[in-house]
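Trainee: Attaching a predicted model along with its sequence, questions to come.
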Amino acid sequence: MGNDASERPGIWGSEEPAPQDDLSRAAGSGDSGRIEAATAAGPLDDPPAGSSAAPGAPVRHRFGRRPGKPRGVASKLELPILVVVAVAIAILLKTFVLQPFYIPSQSMENTLYGCPGCSGDRILVFKPVYRVRDPHPGDIVVFKAPQDWNEGGGQSLSSNPVIHGLQWFGQLVGVVPPSEKDLVKRVIAVGGQTVQCCDNNGNVQISDNGAAGPWRSLNEPYIFEPSPWTRSTTPGSKAPGDTRSFGPVTIPAGRLWVMGDHRSDSADSRYHCGNGGVGAGCDPTQSTVAVSDVIGKAVVIAWPPSRWRTLGTPQTFTALGEPGLAASMNSPAPAAALFVGWLAWTRRRRGRRRR
């Protein structure tokens, strides 16, 4: 019969209908809208030689390009470009944002591990913070050692040119310790403050008004193995065997008094006062660190994983507030001015809400 599908000629003029997929059915339907939709879905090419599909039938290649077509130059350069970009990002981060440091000594035990024979902590130091403010008491800072501070540190580069180049590159991206001698300590007092040791319990004291006081004693539970101390019976002198006492020392502007948490094994500001560093015997410049030599604030222990934790400011320093604030609050005038300002701001804010 004329309507029998088996007697109908195929699309391509043959007696047998050609296999059709959705795309070929769209091409043979005469529906221009469906053909446009099919061709818009992806690149179409002629069928490869030897294919059973008729000439002109649209064929979609799996990867969107003709078989055997060589890869472009951009594809070959993709991996090297990614490597260069990754190295550039690492250098920028290390130079301006975060820099890793290795703890080589035990002067900050047990806050930071660096004991002989063990794997020292790796810390991350945040640099931008001291571009907007100066270091505060309680901060753990990494700084370039003053010239006359002889505590060990620094990475010596090999004389072998190849190894030397690899070490240099490692320092550039921050995976090899730097050659310069960098130290890590805790800030105890800043420029303008006066520091001394000790009160009747052997604690360090800080004053915002010079040696006349008033003095605030620091409770430092993080100290590991404090230095030997015996209360002196003679003012201005040390008792026999006392290596803890020092000062009073007024810190010059732009400098920091720093100490290690392992007080009995740290070549810090107290150490550089000298054994007789009581009263005028302590040089306020030789025993302190310039703020300009500070590299950044230690914010986290990054390695090993068992030691992961942040490095915040101890409560003993946060309770004291900003340098100079506690002393200024002893005067009624600044305190009253602050209260009046706060009251006016509160009333103004309430008035805006009512509107």
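Mentor: Structure received. These figures come from a predicted structure and were not determined experimentally. Numbers count the residues shown, from 1 in each chain.
Trainee: all strands of the stretch 251-355 of the chain, in order?
Mentor: In the stretch 251-355 of the chain, the segments counted as strands under DSSP state E, counting those that start in this stretch are 255-259, 289-290, 294-303, 309-310.
Trainee: Check those for me and report the most buried one.
Mentor: When the strands of the stretch 251-355 of the chain are scored by mean count of other Cβ atoms under 10 Å, the highest mean neighbour count falls to strand 255-259 (a mean of 26). For every residue, glycine as well, the C-beta is placed using N, CA and C.
Trainee: elements contacting that strand?
Mentor: Applying 3 or more Cβ pairs under 8 Å, 6 or more residues apart in numbering; DSSP states H and E, we find strand 255-259 packed against strand 140-144, strand 182-190, strand 289-290.
Trainee: now with 6 Å?
Mentor: strand 182-190, strand 289-290 (3 or more Cβ pairs under 6 Å, 6 or more residues apart in numbering; DSSP states H and E).
Trainee: Make JSON lines out of these and add mean pLDDT and distance to residue 200.
Mentor: Converted to JSON lines, these look like this (pLDDT from 0 to 100; distance: least, Cβ to Cβ, whole Å):
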{"stretch": "strand 182-190", "mean pLDDT": "94", "distance to residue 200": "19"}
{"stretch": "strand 289-290", "mean pLDDT": "95", "distance to residue 200": "29"}
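Trainee: could these be laid out in TSV, adding distance to residue 102?
Mentor: Shown next, in TSV, are the helices and strands packed on strand 255-259 (distance: least, Cβ to Cβ, whole Å):
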stretch	distance to residue 102
strand 182-190	10
strand 289-290	20
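Trainee: Out of the ones you listed, which one sits most buried?
Mentor: strand 182-190 (a mean of 25).
Trainee: Quick check: what element follows it along the chain?
Mentor: Following strand 182-190 in sequence order, the next helix or strand is strand 194-197 (DSSP states H and E).
Trainee: Please list the residues outside that next one that contact it.
Mentor: 189, 204-207, 210-211, 244-250, 257 (Cβ atoms under 6 Å, 6 or more residues apart in numbering).
Trainee: Same question for stretch 108-117.
Mentor: 103-106, 120-121, 184, 222, 224, 260-262.
Trainee: one more time with 10 Å
Mentor: Residues outside stretch 108-117 that contact it (Cβ atoms under 10 Å, 6 or more residues apart in numbering): 101-107, 119-123, 140, 183-186, 222-225, 259-262, 264-266, 268, 298, 301, 304, 307, 309, 311, 314.
Trainee: that older thread, of the helices and strands packed on strand 255-259, which is nearest residue 229?
Mentor: strand 182-190 (16.2 Å; Cβ to Cβ).
Trainee: one step back: what's the closest of the contacts of strand 194-197 to residue 159?
Mentor: Distances from residue 159 to those, taken by Cβ to Cβ, are shortest for residue 257, at 39.3 Å.
Trainee: Would you check how far apart the nearest residue to the closest one once chain neighbours are set aside and residue 228 are?
Mentor: For residue 257, ignoring the flanking residues on the chain, the nearest one in space by Cβ to Cβ, 6 or more residues apart in numbering is residue 189 at 4.1 Å. Taking Cβ to Cβ, to the nearest Å as the measure, residue 189 falls 22 Å from residue 228.
Trainee: where in this protein is pLDDT low?
Mentor: Applying pLDDT under 70 to the chain flags residues 1-74, 150-158, 164, 167-169, 171-180, 236, 274-281, 319-355.
Trainee: okay, now the domains of it?
Mentor: 19-66, 82-324 (automatic domain parsing).
Trainee: measure stretch 227-242 end to end?
Mentor: 8 Å (Cα to Cα, to the nearest Å).
Trainee: and it, which residues are buried?
Mentor: Across stretch 227-242, burial judged by 16 or more other Cβ atoms under 10 Å covers 227, 229, 238, 242.
Trainee: right, and the pair among those with maximum separation?
Mentor: 227 and 238, at 11.3 Å, using Cβ to Cβ across the buried residues of stretch 227-242.
Trainee: Need the overlap of contacts for these two.
Mentor: 244-246.
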